[in-house]
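Enquirer: Pasting a predicted model and its sequence here:
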Amino acid sequence: MALDIVIMAAGKGTRMKSRLPKVLHRLAGRSLLAHVLATTAKLGPQRCWVITGHGAEAVESAIAGSGASPVRQMPQLGTGHAIAQVAPQLAERGTTLILNGDVPLIEAATARALADACAGQRLALLTIKLPDATGYGRILRSGDPEGGRVLGIVEHKDATPAQREIAEVYTGMMAAPTAALKRWVAALKNDNVQGEYYLTDIVAMAVAEGVPVVATHAHDDTEVLGVNSPLQLADLERRLQRRQAEALMEAGVRLADPARFDLRGSLSTGQDVEIDVGCVFEGDVVLGDDVRIGAHCVIRDAVIQAGAVIQPFSHIDGASVGAASLVGPFARLRPGAVLAEEVHIGNFVEVKNSTLARGAKANHLAYLGDATVGERVNYGAGSITANYDGAHKHRTVIEADVHVGSNCVLIAPLTLGAGGTVGGGSTVSKSTPPGQLTVARGKQLSIAGWKRPIKASPG
């Protein structure tokens, strides 16, 4: 049966107090809307539509390439009015599933169950019971409030005091027979407090026509919570991070404190991985067996092989760390940094677009950019590769067993021959032969009788 999905994403989000459209605010590294689109992709819809309005250009740009098509709602006159804009483009038969772009954690299984409950014949509402239902539409039932027939939904703003005591609420998501949905939204009226066209009014229309109205229930409130303010966004962030942390711990990862852990992408882990507090993982990260991550590290799009140790306050971005390597503390690996086995990168060392072979070491206050470093190289404190001439990048090759002294400048392009030594304080601009000592310093002078300048006395 044909399944169309409509995602409501036209709202301004006034309470966010932001120029950014509400659905583009980020949760765990992705926009709220991106989370919903990822869920819809799992359902395999025939077509997916996103209703845009406030900040339409930005929202439409964000969904480009997602497979979803935008439909603008201008002006925004309510949820029913939003569906009326897309109704002419929906299929003539089948089911239309309506989701919300600011409710990011809806599970694919829940959305699928909602569509299945409709089956192109029934109006299916996704509901949940909340201890505090403020702001939500209440489910009205006949007879038994727990199991009676669904008769309608009353918006919080229009509910009586007695109706506001009802705990079962409408989550804003439904699935409807597409042909009937088109007919119902065309008949909506705006005779309510807000002067808007409420999609929820179609429930009463379905009842009047004898179309069965059923309710399916969300598993927990986290998957149906919407975001309307920075406070709600922060609350949902912590809920999601706790959920992700618990999944990792159930898989055997040792987190020092799951409340101080952030995953903004995907994290694959081997056995006996340990992660200290305050760490942030972004993009796609792979941690091998026995990897240890120290406190307050930021790791993005990286592969860290078995037995490697990342010391506290290190930043790794687009890099690969070999087995049994030691990185940090306060180290930075930038995109293109590739470390082989047993490499040491120490405090305040930066590596960019460089490969370091097995056993190479750069332990203190150094920069390696656009370099190829051989096995067992010892790269001294304060040394840098001068890889940029103002227009082009150039490569430095340091062959195996080279020792580079402290405070050296290696002006690329050049090659340091295997087994050679560069004396501390040297500025090297030409390639050096293997096995030899290279020293390039200015002559040291001591000037007798020299005196420091003295400030003149005031006045």
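Expert: Perfect, thanks for sending it.
Enquirer: Can you verify my assumption that residue 157 contacts residue 193?
Expert: Yes - taking Cβ atoms under 8 Å as the contact criterion, residue 157 and residue 193 are neighbours in contact, 5.4 Å apart. No exception for glycine: its C-beta is placed from N, CA and C like everyone else's.
Enquirer: top helix in this structure by residue count?
Expert: Among the segments of the chain that qualify as a helix by DSSP state H, the longest is helix 230-250.
Enquirer: And the contacts of the very next helix or strand once past that helix?
Expert: Towards the C-terminus, the helix or strand next in line after helix 230-250, according to DSSP states H and E, is strand 254-255. Contact with strand 254-255 is made by 245, 248-249, 261, 272-275, as judged by Cβ atoms under 8 Å, 6 or more residues apart in numbering.
Enquirer: repeat that for 7 Å
Expert: By Cβ atoms under 7 Å, 6 or more residues apart in numbering, the surrounding residues in contact with strand 254-255 are 245, 248-249, 261, 273-275.
Enquirer: and what of stretch 297-316?
Expert: Under Cβ under 7 Å, 6+ apart, the answer for stretch 297-316 is 270, 279-296, 317-333.
Enquirer: can we see that at 6 Å?
Expert: With Cβ atoms under 6 Å, 6 or more residues apart in numbering as the test, stretch 297-316 has contacts from 279-296, 317-333.
Enquirer: For it, what is the distance to the chain centroid?
Expert: Stretch 297-316 sits 18 Å away from the centroid of its parent chain (Cα atoms, centre = their mean, to the nearest Å).
Enquirer: i'd like the first residue to be 100 from this point on
Expert: Yes, from this point I'll number from 100; that puts the last item at stretch 396-415.
Enquirer: tell me the helices in the protein, going along the chain?
Expert: Along the chain, the segments classed as helices by DSSP H run 131-142, 155-162, 178-185, 207-217, 277-285, 301-308, 329-349.
Enquirer: Out of those, which one sits most buried?
Expert: Looking across the helices of the chain with neighbours counted as mean count of other Cβ atoms under 10 Å, the highest average goes to helix 178-185: a mean of 23.
Enquirer: Output the contacting helices and strands for that one.
Expert: Helix 178-185 sits against helix 277-285, with contacts defined as 3 or more Cβ pairs under 6 Å, 6 or more residues apart in numbering; DSSP states H and E.
Enquirer: Point out where this structure drops to low pLDDT.
Expert: When residues are selected by pLDDT under 70, those of the chain lie in 243-246, 558.
Enquirer: Domain ranges for it, per the record?
Expert: As given by automatic domain parsing, the domain ranges for the chain are 102-323, 329-537.
Enquirer: With distance to residue 550 added, can I get those in TSV?
Expert: As requested, the domains of the chain are arranged in TSV below (distance: least, Cβ to Cβ, whole Å):
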stretch	distance to residue 550
domain 102-323	60
domain 329-537	26
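Enquirer: between those, which gets nearest to residue 556?
Expert: Taking Cβ to Cβ, domain 329-537 is the member of the domains of the chain nearest to residue 556, at 38.3 Å.
Enquirer: Endpoint to endpoint, that closest one covers what distance?
Expert: Here the two ends of domain 329-537 are set 60 Å apart, with distance taken as Cα to Cα, to the nearest Å.
Enquirer: Quick one: distance of it to the chain centre.
Expert: So, by Cα atoms, centre = their mean, the centroid of domain 329-537 is 22 Å from its chain's centroid.
Enquirer: Dump the helices of the chain into TSV; add distance to residue 449 as well.
Expert: Shown next, in TSV, are those (distance: least, Cβ to Cβ, whole Å):
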stretch	distance to residue 449
helix 131-142	32
helix 155-162	33
helix 178-185	50
helix 207-217	42
helix 277-285	57
helix 301-308	60
helix 329-349	29
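Enquirer: right, so of those helices, which gets closest to residue 118?
Expert: Between residue 118 and these, the shortest gap by Cβ to Cβ is with helix 155-162, which sits at 9.4 Å.
Enquirer: Please identify which of residue 256 and residue 292 sits among more neighbours.
Expert: In this view residue 256 and residue 292 are compared by other Cβ atoms under 10 Å, and residue 256 has more residues nearby, 11 against 8.
Enquirer: That one: what's it in contact with?
Expert: Under the criterion of Cβ under 6 Å, 6+ apart, the neighbours of residue 256 are residue 292.
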